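1. Could you look at this predicted model? Sequence included:
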Amino acid sequence: MNAFFQIQLLSAFLFFVGLLVVLLKRNIIIVLMGIELMLNAINLSFVVFSKQNYQIEGQLGVLFIIVIAAAESAIGLSILINFYRNFGVTKTSVANTLKG
Amino acid sequence: MVNLISNTSTSIITALCILTVIFALLMLFAKTAINSALGLLAVLLCSAAIYAVIGEHFVATIQILVYAGAIMVLFIFSIMLLNLTEEEKEQEKKQEKKFFTPHLIVLLIGPLAAMFAFILVAFSLEYFSPYVSRYSYKGVYTKEHIMQIGGNTFAMAQELFATHYILFELISIFLLIAMIAAVVLAKRKID
Amino acid sequence: MNELQSLQTSLQTSFLPFWIILLPLIGLIINAVITPLIFRGVHNHLHKTKVIFAGSVATLVIFISFLLSCYAYFILSSNSSAIKSPSYLWPNIDTLKISFQLVIDKLSIILCLVVTAVGSLIHLYSIGYMGKDDGVVRYFVFLNLFCFSMLLLIIGNSLPLMFFGWEGVGLCSYLLIGFWYTDKEKLQNATKAFIMNRIGDIGLLLAMVLIFKSIGTLEISNINQIISTYQSTYQNTYQNIQQITQQTLDSQTITIICLLLFVGAIGKSAQIPLYTWLPDAMSGPTPVSALIHAATMVTAGVYMIVRFSPLYQASPTAMAVIATIGAGTALFAATIAIAQNDIKKVLAYSTISQLGFMFLACGVGAYTAAIFHLLTHAFFKALLFLGAGSVIHACQGEQDMQKFGGLRKYLPHTFVTMMIGSFAISGLPLFSGFFSKDEILFSVLALPYGGSGLYLIATITAFLTAIYTARLISMTFLGEERFTVMVRKYLHESPSVMLVPLYVLAFLATIGGIFGLHHFLVPNNYSEIVIFSKLPEIGIHLPLTEREVMISSAFISIVGFILGLTLFRTKTKESKSIRKIFKIPLSIQRVLENKYYVDEIYDYILVRPLRLFAYHCSIFVEQYVFDLVIVLLQRVIFSLGKKLRTLQSGDVQMYLLFFLLGITSFLFLALNFKG
Amino acid sequence: MLERPTCLLSIIIFLPSVFAILSLLLPMQKEWIRNLILFSSSLCSLLLALFLWNIFDVKNSGFQFSEFHEWIPKWGIAYAIGVDSISLLMVLMTAIVAFIAFLSTSYNCHNHDHDHDHDHDHNHNHPLPAIKYASAFYALILFLQTALYGTFLATDLFLFYFFWEIALIPMLFIIGIWGGSKRLKVTIKFFIYTLFGSLFMLIAIIALVAIHKENTGVLSAQYNILKQGQLAAYFDGSSPMAALSSPQLWLFLAFTLAFIIKIPIVPFHTWQPDIYEESPLLGAIFISALLAKMGTYGLLRFSIGLFAEVSNYISPLMCILGIVSILYGALCAWSQISMKRVIAYSSISHAGYILVGLFTLNAIGMTGGLYQMFNHALLVTGMFLMASYLFERVHTDNIREMGGLAKIIPLHSLALFILLLSLIALPGTNSFVGEFSILVGTFNMNIRMAPLLAFFVALGGIFSALYAFRFYHLIMFGAIYKKEKHKEHREPFLAFDLKIKEVLVMGIIALFILGLGIYPDLFFAKTKISITTKVMR
């Protein structure tokens, strides 16, 4: 079981923990955090794959993913503030106006 | 599959992996927002450590700087701003019965995770290489080449500013747009 | 065989039959189109002239066709056996070729004479009778239409053509019974008449179809020819026919054909099962009852059977059925007639019983006797009806005999003519009724198919006929005056236009018997239709000669008549009901008066359940049986829709989950199916 | 003889649609424009139909004046049209009915249900206000006429199906928009019903073409090519179970289902009374007289024509179905209160006659069925016209509220009486010729229970007399004012008798009824059943 194999497993695990956070948590901020976690997990496996194939593009990709993650969380939080202003509480179940 | 990392570092990596797993579960089962935020912070730091151990020093530093530093700060700031911690508890009681209970979701996600993991691992062990032999392109950046250029950061710099400079410019514009959007969205409507 | 050929050759084709038919049609069109145009604006002051104009047009037209039939009568009596008209193919589908051809032969000329003679007299009579009615033009149009279809029925050569006239006559009787259509009751009777006729017509239709299938042609002359050749190959017509050669034509199909034709005859001539419409048909104007329900239409059934006499000769069972039903109806109707108080109902039941007589004659095989009785019956029954009409006319529409009495002084002419008519019908000697009834009685004895039982029933009916006719005369004309003062004020003898036909008919009723039409029919074995050898001298069943039968029937009718006159001639104000006279318990009298409750039974068994079934059919079955599929479909889809709605719960994470499941399943499929 | 025109049939088919486009462009509200368009279109198609009728020679029994243009060669579909003796009569019928319908309804053709708002002015001399969106309404009607001609003349199965569906769409709008009060519910039901049926037909057509290609290798949807295909192999009537499993039976059932829903015959008729009640006059006439005949024509041409063995096997069953609908239709008609519903059920009863006639499978019966199609179309047109005229005068469709009209409007009662005669099939009217030959045909079927079937067909005559007279008495005879008691709000019966134009129209119909009754060869000389003899028994 060499290092790379472990990291790959870790990244898959982290990705799905992030997913569970997103799906289970009632609070929007935590949902956003869950997304951050999932992105981070992807970075891990990205880096390991590029390392394995002696390439640098992998790390480059990671860099970009980080930038995007930052942008995404910024916008996410500003939306959250608006959400809070409208609904008064940051629970996901409040936002069901689109109910069928 | 040649082993690029020495035995000691693999053992460190396994330790770090276990640590990140614990912190991730902490984040999942945290009751309050703050605890899960701290959990995430811890996971980020550990992954930065893993990067460092593997040899990706530049990515590790960026990870700490941007992820842990900027984004987490933002999150904690917004948690504090909206001071959500109290309502969390009494909301818990009147949870109406939902069709998709958490256990069912975990049950559904489980097999997917297993499949996903299997694919990642299979690729890393080059299980599929005979099928995808056409695409596997061994890069030129072996350990010695990096050493010869002068370290990981130099290699990254060369790649980033020489071959993919357009990408670099684009990403900066992207960041600019994101910034403006965030300001516009969060601005309080004065009129 | 050659004898038949000779008859065929002396055929003449001329337009005469067409003219006899078209004349009533022309009268019809004149009255329907031109008279209303001429008298468009005018209301009542010109009403009299309108009535006379329309009446005279109608009568003239029928009278001319009467003259034409006399002319045809002379042609026929001289040499040729039939007058054929040119023909064209009516429905011309590949094997069903029916020619639209009219043939007058010896048999149909007699009916033509009767219809046109009695018809014109009744048209004349109804000018007076219907004078004050405002729908009089419509009345004459319908009468002419009736004459047209009756003549068509008589001289139409092919069966569907006869059916054409058959249903046309049914239609006209419907129109004329329901002439005063504002009254619901009359409409019911009219529909009843038409439906009953239609039930009978089903028999006729099926017979036609069976004939077409087994014999192949629908021309009456061809049918009779084939049957007669079929018969003559087995000379003795009285011997029971067993040996069958043609595969389609066996005695069994012939019997079925005869019975089905007889069903049609029952429907039209009101025999046992389908007779209840005739008494109710009296709600029409009286001249209509005289023409349609006494003289012409109801005899169509008898005429049809006589026309198919070779067919009936070939099937003894059918003959037996006809004889029994005829005798049964005669007796049955006679018993009811005695207890009726409405003058027209009495005459209606007497018509049914006389028709029973005619069917008895046909059943026994004495077709000539049947036709002869039909002839004389037409005269005296029309006479009685018209007399009754003038009585009703005089008493302003009163029809109940208990309200008459002692009209002898006020309506002398009607009394005299009605008296002659009643003599004729009850068969007093020297009057036409005597000869024709005696002919039937003797033939019942003489011919093999007859029987002493039938003879007994016939004599009893003759006796009852004498009684109820005498009862009618005595209750209306003799005895105490039972009508109200108001009626007496307007009591007047009918105008001459009504009396002339009465007298003519009275004359015909008396000399009809001796006139010799009788010999015209029998001696020269006139047409290929009726194969009939002379009556044997001695009755086969009872050793009575014709002379003895004649004496006994004369004696019976005289006794019956006198009995009827004396018993029902009351001194007191109130008329004596038959219960007191014949000392029979009240219940029997009530049963007789209510016509054995036959109407109610029919209504209860047939009409009410059918109406109920139809009502439920249209409401219940429509909604629940046929629409069930649609209703169920709608309900299933609606409930399905409701369930799906809950899926859109608005929970963002739920959508994410579904999204995820979708993606992974696609991924999984893509991986497995390598395309 | 003049040279045989080649594209005559295409002209006949597409002429009405040309007029439809014209009617869309011109403002049809104005009365004279409407009269001009309607009259000229119906007259042209009538003249063309008559021209076709007399240059059609009866000798060769195949399709004449046929045209063939490739449409979708890949699937063997072609624009192939042709006329033989059956479709000739149908084209003639469509032309005549359309001519009568347009002649009579040039001004009072709208349904009154939803026009209660307009004031009850009693001087009826000025024409009633024309229908709203008149140009669209007439365009749809004319377009419908094209679809009808198309179905009758198409010899390519897909083309037949194409026109069959096309005919549905205008009908949907005509009833949906201009119908009576509860029109939407009813139209949806009608649409689902017919679509459900024609869906099966489409499947059957495709299957048929596929089987044919498999057998003979020729890919074509032509009627006479498909007829030669050896379909007999696909059916063995040895035992009911075997019959059930043979594909030809299922093809037959699919076709017949679509046609039976369209006619309609009893189990599938529930849409019909509502549609007849709700649709405007012109719509009602077209649907009852012509669209119903599409169904019967299809039965004769496709169900019996293509699948001879199955129709031989199943003909007693279909006759029983026909008889059920005769008796059931008559019984229902006997207890209806609205005049249009009575007409609806009576046409179910007549459709039963036609079905029995067709499935006797011998020349007399089938020709009788064909005659009845023609006669019934005329009869129903007349009845609907009478219904509309009566509605205009008495403002109610409920026959219980009418009564004693014979004295007030005698011409009406005369016209209705003549229609009644044809309804009862009295000898001397045209329907007697048809019904008598159907009866003879049923009797000549050489199955054991033929006499029994014939008895029931004859029995239908009594029931039709029952409901006809009841319906006629409630309207025409009896006491004049039904609503005597609450007299105050009932406006006086200002019924004016038939106008000249209405008398003309009813005169034409009466002429047909009596004329064809006395001399049926006038129209029916040229209608020889051209079904292959192997069907005939």
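-> Nice, I can see it. Note that the structure is a prediction, hence the values are computed from the model and not measured. Residues are numbered from 1 along each chain as shown, chains lettered A, B, ... in the order given.
2. Could I get the buried residue list for stretch B:40-60?
-> Applying a neighbour-count criterion of 16 or more other CB atoms under 10 Å in any protein chain shown, one finds B:40-56, B:58-60 buried in stretch B:40-60. Using the backbone N, CA and C atoms, a C-beta is placed for each residue, glycine as well.
3. can you narrow those to ones near chain D?
-> Among the buried residues of stretch B:40-60, no residue is within reach of chain D (CB under 8 Å from any CB of the partner chain).
4. what helices or strands is the host helix or strand of residue D:15 leaning on?
-> Using DSSP states H and E, residue D:15 sits in helix D:8-25. When contacts are defined as 3 or more CB pairs under 8 Å, 6 or more residues apart in numbering or on different chains; DSSP states H and E, helix D:8-25 sits against helix D:31-55, strand D:64-72, strand D:77-83, helix D:134-153.
5. Can you pull the residues of chain A lying near chain C?
-> A:19, A:22-24, A:31, A:92-93, A:95-100.
6. want to throw the residues you listed into a markdown table with secondary structure?
-> As requested, the residues of chain A next to chain C are exported to a markdown table (DSSP: H, G, I helix; E, B strand; the rest coil):
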| residue | secondary structure |
| --- | --- |
| A:19 | helix |
| A:22 | helix |
| A:23 | helix |
| A:24 | helix |
| A:31 | helix |
| A:92 | helix |
| A:93 | helix |
| A:95 | coil |
| A:96 | coil |
| A:97 | coil |
| A:98 | coil |
| A:99 | coil |
| A:100 | coil |
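7. coming back round to it: tell me which of the buried residues of stretch B:40-60 fall in helices.
-> Judged by DSSP state H, those include B:40-54, B:58-60 as members of helices.
8. how much space between residue C:264 and residue B:69?
-> Using CB to CB, to the nearest Å, residue C:264 is found at 113 Å from residue B:69.
9. cool, residue D:58 as well?
-> 101 Å.
10. And for residue D:421?
-> 103 Å.
11. Which residue of the two possesses the greater neighbour count?
-> Taking other CB atoms under 10 Å in any protein chain shown, residue D:421 and residue B:69 do not tie; residue D:421 has more neighbours (24 against 13).
12. can you list the residues that contact the helix or strand that contains that one?
-> Applying DSSP H and E as the criterion places residue D:421 in helix D:410-424. Helix D:410-424 has contacts (CB atoms under 8 Å, 6 or more residues apart in numbering or on different chains) with C:171, D:346, D:375, D:378-379, D:382-383, D:386, D:389-390, D:393, D:405-406, D:428-431, D:461, D:464-465, D:468-469, D:472, D:475-476, D:497-498, D:503, D:506, D:509-510, D:513-514.
13. Buried residues, that helix. List them.
-> D:410, D:412-424.
14. The following helix or strand past it vs chain C: in contact?
-> Next helix or strand after helix D:410-424 toward the C-terminus (DSSP H and E): helix D:430-444. Yes. Applying CB under 8 Å from any CB, one finds that helix D:430-444 is in contact with chain C at D:433, D:436, D:437, D:439, D:440, D:443, D:444.
15. In contact with residue 71, which residues?
-> As the question left the chain open, I've gone with chain A. B:174, B:175, B:177, B:178, B:179.
16. oops, chain D please
-> Taking CB under 8 Å, 6+ apart as the test, what residue D:71 contacts is D:77, D:78, D:79, D:156, D:158, D:159.
17. at 6 Å what do you get?
-> D:77, D:78, D:79 (CB atoms under 6 Å, 6 or more residues apart in numbering or on different chains).
18. and of these, the nearest to chain C?
-> Distance ranking of these against chain C, using CB to the nearest CB, places residue D:77 first at 31.9 Å.
19. pretty sure the closest one contacts residue D:222?
-> No. Using CB atoms under 6 Å, residue D:77 makes no contact with residue D:222, being 9.6 Å away.
20. pLDDT below threshold where in the chain?
-> Unless you meant another one, I'm taking chain A. Scanning chain A for pLDDT under 70 picks out A:1, A:100.
21. looking at chain D here, not the other one
-> D:1-5, D:105-130, D:229-230, D:232, D:237, D:479-495, D:528-537.
22. If we use 50, what do you get?
-> D:1-2, D:107-128, D:482, D:484, D:486-492, D:532-537 (pLDDT under 50).
23. same question, the stretch 501-650 of chain C
-> C:516-518, C:520-533.
24. Chain A contacts on that one?
-> C:645, C:648, C:650 (CB under 6 Å from any CB of the partner chain).
25. Which stretches in chain A count as helices?
-> Using DSSP H, helices in chain A cover A:3-24, A:28-52, A:57-87.
26. same thing with chain B?
-> B:7-29, B:33-54, B:57-62, B:72-82, B:85-93, B:102-124, B:129-132, B:143-149, B:152-158, B:165-186.
27. care to break chain B down by domain?
-> For chain B, automatic domain parsing gives the domain ranges B:1-84, B:144-191.
28. Output the ones you listed as TSV; include the columns mean pLDDT and distance to chain A.
-> Shown next, in TSV, are the domains of chain B (pLDDT from 0 to 100; distance: least, CB to the nearest CB, whole Å):
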stretch	mean pLDDT	distance to chain A
domain B:1-84	85	4
domain B:144-191	84	3
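29. Of all the ones you listed, which one is nearest residue C:395?
-> domain B:144-191 (106.2 Å; CB to CB).
30. Give me the phi and psi for the closest residue to residue C:276 other than its chain neighbours.
-> Leaving aside its chain neighbours, residue C:276 sits nearest to residue C:599 (5.2 Å; criterion: CB to CB, 6 or more residues apart in numbering or on different chains). Torsion angles at residue C:599 (phi, psi; degrees, to the nearest 10) stand at phi -60, psi -50.
31. Count the neighbours of residue C:599 for me.
-> For residue C:599, using other CB under 10 Å, the count is 16.
32. got it, and the one 3 residues further on?
-> Residue C:602 is surrounded by 16 other residues when neighbours are defined as other CB under 10 Å.
33. what's the following helix or strand after the helix or strand hosting it?
-> Assigning secondary structure by DSSP H and E places residue C:602 in helix C:598-602. As assigned by DSSP H and E, the chain's next helix or strand after helix C:598-602 is helix C:608-616.
34. which of the residues in that following helix are buried?
-> Result for helix C:608-616 [16+ other CB under 10 Å]: buried residues C:611, C:614.
35. quick one, domains of chain C?
-> C:315-593, C:597-672.
36. winner for burial among these?
-> domain C:315-593 (a mean of 21; mean count of other CB atoms under 10 Å in any protein chain shown).
37. Pull up the distance across that one, start to finish.
-> End-to-end distance for domain C:315-593, by CA to CA, to the nearest Å: 38 Å.
38. Please compute how far that domain lies from its chain's middle.
-> Chain-centre distance of domain C:315-593: 18 Å, with CA atoms, centre = their mean, to the nearest Å.
39. got the CA coordinates for stretch D:6-19 in CSV?
-> Extracted C-alpha coordinates of stretch D:6-19, given in CSV (Å, rounded to 0.1, in the frame of the first residue of the first chain):
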residue,chain,number,x,y,z
THR,D,6,-55.7,12.7,-65.5
CYS,D,7,-55.6,15.0,-62.4
LEU,D,8,-59.4,15.2,-61.9
LEU,D,9,-59.3,13.5,-58.5
SER,D,10,-56.6,15.8,-57.2
ILE,D,11,-58.7,18.8,-58.2
ILE,D,12,-61.7,17.3,-56.4
ILE,D,13,-59.7,16.8,-53.3
PHE,D,14,-58.0,20.1,-53.1
LEU,D,15,-60.7,22.5,-54.5
PRO,D,16,-62.4,23.0,-51.2
SER,D,17,-59.1,23.9,-49.5
VAL,D,18,-58.6,26.6,-52.1
PHE,D,19,-61.9,28.0,-51.2
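40. how far away is the residue most central in space within chain C from residue C:442?
-> Nearest to the geometric centre of chain C sits residue C:298, at 2.7 Å (CA atoms, centre = their mean). The gap separating residue C:298 from residue C:442 is 24 Å, by CB to CB.
41. just to revisit the earlier point, what angle sits between the helix holding residue D:15 and helix D:31-55?
-> Using axes from the mean of the first three to the mean of the last three CA atoms, to 10 degrees, the inter-axis angle of helix D:8-25 relative to helix D:31-55 is 180 degrees.
42. All set, thanks.
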